[in-house]
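Asks: From the sequence below, what's the structure:
(one chain, ligands or ions: 1)
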Amino acid sequence: MSHLDLGRGGEFDTIRQVVAALGDQADGIGGDCAFLPCGQGWMAVSTDTSVEGVHFKREWLSLTEIGWRAAAAALSDLAAVGAGEPRVLAAITSPERSEVVELMRGVGAAAEASGGVVVGGDLTRGRDLSLTLTVLGTTGRLVTRGGAQAGDEVWVTGHLGLARAAVRSWIEGREPSPAARTAFAHPESRLAAGHWLAGHGARAMIDLSDGLAGDAGHIAGASGCSVALELERLPIAPEVEAAAIRAGMPPAQFAALGGEDYELLVVVPPGFDPTGFGRETGVPLERIGRCVESPNSQPVAVMLLEGRPLVLSGFDHF
Ligand SMILES: [Mg+2]
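Replies: Now for the predicted structure:
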């Protein structure tokens, strides 16, 4: 399987170096999931690490919430490729063995909410809390970041910006609003939404983990066309406004820069009909932009606010 074209940024530069070092031993690198042939379809596999002090602070969350959040982040990669029936493995590094049961209660609850189960894992003692979640799911149809074409429409599920608003509040020494706290501590993985979209013609999908600006850039890079998003169309929760004002930027810009919303960004052909999506998944879906020919063959994500382009970048893990 060929590798997806990777987007820009330091983390992707490192992955490019790894792929080069692996040579023929690298196969199909660069998407939300790896795909293995399975029966008439595919087994999608992904792994994701949450580290204390990098992805969360202990003061912000209970152990059960830390477990839920780590599992939901990994499950979100299955949602991004339309896969379902998740199986979850959890590798936990913790200073205290007594913490593991509460962490795993959260992992199990997140798996259950996505229609899945926990099938294994590993426990290690270490100074900082770290959870590596590996998830496996099946799908009949491959949807990656790489199928978008100029002229396609770009839609997004749910509401954006709440997780960033929560982090911003904690950093400022404030208690986040209940909605913002829930969005960060208890994100919902959009497996039902991803499955519905994969079954209704989605050409490309990605889950919003690095932030809309960065993740739209990943679709552009992998697909070879640019993505133009109209920020005034973004579905933004009302609680985001106060945090955006304190950060000194329009709420749409604040939300476009936020990471870890775990909503789905999906590219569909023109004329896509969302009828039934909301009723069957319980999740809102909004059209926020379109795919366009890339200028100079440099596919990028362009963010437009009232017609003017904004230069934004996503979250870089290093
Ligand atoms: Mg992802």
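Asks: When you work out contacts or count neighbours from here on, use the C-alpha atoms and nothing else.
Replies: Will do.
Asks: Output stretch 96-114 in CSV, but only the C-alpha positions, please.
Replies: Provided in CSV are the C-alpha atoms of stretch 96-114 (Å, rounded to 0.1, in the frame of the first residue of the first chain):
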residue,chain,number,x,y,z
GLU,A,96,0.7,3.7,41.2
ARG,A,97,-0.7,0.3,40.4
SER,A,98,-3.8,1.3,42.4
GLU,A,99,-4.7,3.9,39.7
VAL,A,100,-5.1,1.3,36.9
VAL,A,101,-8.6,0.1,37.7
GLU,A,102,-10.1,3.6,37.7
LEU,A,103,-8.3,4.5,34.5
MET,A,104,-9.6,1.3,32.9
ARG,A,105,-13.2,2.0,34.0
GLY,A,106,-13.0,5.1,31.8
VAL,A,107,-11.4,3.1,28.9
GLY,A,108,-14.1,0.5,29.1
ALA,A,109,-16.9,3.1,29.2
ALA,A,110,-15.6,4.8,26.1
ALA,A,111,-15.3,1.5,24.3
GLU,A,112,-18.9,0.6,25.3
ALA,A,113,-20.2,4.0,24.1
SER,A,114,-18.7,3.2,20.7
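Asks: List the contacts of the nearest residue to Ala193 once chain neighbours are set aside.
Replies: Excluding its sequence neighbours, the residue lying closest to Ala193 (C-alpha to C-alpha, 6 or more residues apart in numbering) is Thr281, at 5.8 Å. Taking C-alpha atoms under 8 Å, 6 or more residues apart in numbering, we find Thr281 in contact with 192-193, 196.
Asks: Now do the phi/psi pair for Lys57.
Replies: phi -120, psi 150 (degrees, to the nearest 10).
Asks: correct me, but Arg69 touches Pro187?
Replies: Yes - taking C-alpha atoms under 8 Å as the definition, Arg69 is a contact partner of Pro187 at 6.4 Å.
Asks: neighbour count winner among the two?
Replies: A side-by-side neighbour count of Arg69 and Pro187, using other C-alpha atoms under 10 Å, places Arg69 first with 29 against 23.
Asks: what are the bridge partners for Ser226, then?
Replies: Under DSSP bridges, the beta-bridge partners of Ser226 are Val292.
Asks: That one and Gly289 touch, don't they?
Replies: No - between Ser226 and Gly289 no contact is recorded; they are 10.8 Å apart, counting by C-alpha under 8 Å.
Asks: Mind checking which of those two has more residues around it?
Replies: Ser226 (26 against 22).
Asks: Roughly how far does the more buried one sit from the ion?
Replies: Ser226 sits 19 Å away from the ion when distances are taken as C-alpha to the ion, to the nearest Å.
Asks: quick one, what contacts that residue?
Replies: By C-alpha under 8 Å, 6+ apart, the contact set of Ser226 is 150, 217, 220, 291-295, 298-302.
Asks: right, and out of the residues you listed, which lies closest to the ion?
Replies: When these are ranked by distance to the ion (C-alpha to the ion), Gly217 comes first, at 12.7 Å.
Asks: who does the nearest residue to that closest one once chain neighbours are set aside bridge with?
Replies: Among residues not flanking Gly217 along the chain, Ala301 sits closest, at 4.7 Å (C-alpha to C-alpha, 6+ apart). In this entry, Ala301 is beta-bridged to Val227, by DSSP bridges.
Asks: one step back: now the buried members of the contacts of Ser226.
Replies: Buried subset of these (neighbour count, 16 or more other C-alpha atoms under 10 Å): 150, 217, 220, 291-294, 299-302.
Asks: min pLDDT across the residues you listed, which one?
Replies: Among the buried ones among the contacts of Ser226, Ser294 carries the lowest pLDDT, at 87.
Asks: Look up how far Gly30 lies from that one.
Replies: According to C-alpha to C-alpha, to the nearest Å, Ser294 and Gly30 sit 21 Å apart.
Asks: buried stuff in the helix or strand hosting Ala166?
Replies: Secondary-structure element containing Ala166, defined by DSSP states H and E: helix 162-171. When burial is assessed from 16+ other C-alpha under 10 Å, helix 162-171 yields the following buried residues: 162-170.
Asks: Figure out the helix or strand that whatever residue of the stretch 51-200 of the chain ends up closest to the ion lives in.
Replies: In the stretch 51-200 of the chain, the residue that lies nearest the ion is Asp77 (4.5 Å; C-alpha to the ion). Take DSSP H and E as the rule and Asp77 turns out to sit in helix 63-79.
Asks: helices or strands next to the very next helix or strand once past that helix in the packing?
Replies: As assigned by DSSP H and E, the chain's next helix or strand after helix 63-79 is strand 84-94. Using 3 or more C-alpha pairs under 8 Å, 6 or more residues apart in numbering; DSSP states H and E as the contact test, the elements touching strand 84-94 are helix 63-79, helix 100-113, strand 117-125, strand 130-139, helix 191-199.
Asks: Around the ion, which positions in this protein sit nearby?
Replies: Residues of the chain found near the ion (C-alpha under 5 Å from the ion) are 32, 77, 207.
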